[in-house]
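> below is the sequence, then the predicted model.
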Amino acid sequence: MSLFLFLVLAAIVLGLIGAVAGGLGYLLVIGVVVLAADLVYGFFRLRRRPRVVR
């Protein structure tokens, strides 16, 4: 879970730097790609968990 949150934070920081700094638009693209990959990773991780029936 901490890896998921770290990657979301890194994607937000890269996106902000890429959007604000001139000529660093590639950082915005990298941030969006990292965020999308992280969301897919989180989705599959949550789906794979077995459900405990009590």
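Looks like it arrived, so ask away. What you are looking at is a predicted structure, and each value in this text was computed from that prediction instead of being measured. Residues are numbered from 1 along each chain as shown.
> report the central residue of the chain.
Leu35 (2.8 Å; CA atoms, centre = their mean).
> please name the nearest non-neighbouring residue to it.
Distances taken as CB to CB, 6 or more residues apart in numbering put Ala11 closest to Leu35, at 3.7 Å, once the chain neighbours are dropped. To be clear about C-beta, it is placed using only N, CA and C from the backbone, and glycine gets the same treatment.
> pull the contacting residues for that neighbour.
Gly31, Val32, Val34, Leu35, Asp38 (CB atoms under 8 Å, 6 or more residues apart in numbering).
> is it possible to mark the buried ones in these?
Gly31, Val34, Leu35, Asp38 (16 or more other CB atoms under 10 Å).
> the nearest residue to the last one once chain neighbours are set aside and Val53, how far apart?
Once its chain neighbours are removed from consideration, Asp38 has its nearest residue in Leu7; the separation is 4.1 Å (CB to CB, 6+ apart). Counting by CB to CB, to the nearest Å, the gap between Leu7 and Val53 amounts to 31 Å.
> same question for Leu39.
28 Å.
> and these two? Which one has more around it.
Higher neighbour count among Leu39 and Val53: Leu39, with 14 against 4, using other CB atoms under 10 Å.
> do you know how far the more buried one is from Gly22?
On the measure of CB to CB, Leu39 and Gly22 end up 28 Å apart.
> cool, Phe6 as well?
27 Å.
> ok, Ile30 to Leu7 distance?
Counting by CB to CB, the gap from Ile30 to Leu7 is 12 Å.
> what's the answer for Val29, then?
16 Å.
> then Ala37?
8 Å.
> the more surrounded of the two?
For Ala37 versus Leu7, neighbours defined as other CB under 10 Å are more numerous around Leu7 (17 against 12).
> quick one: the more buried one and Leu39 touch, right?
No. Between Leu7 and Leu39 there is no contact under CB atoms under 8 Å: 9.4 Å.
> what is the burial count for the nearest residue to Phe4 once chain neighbours are set aside?
Nearest non-adjacent residue to Phe4, counting by CB to CB, 6+ apart: Gly42, 5.1 Å away. Gly42: 16 surrounding residues under other CB under 10 Å.
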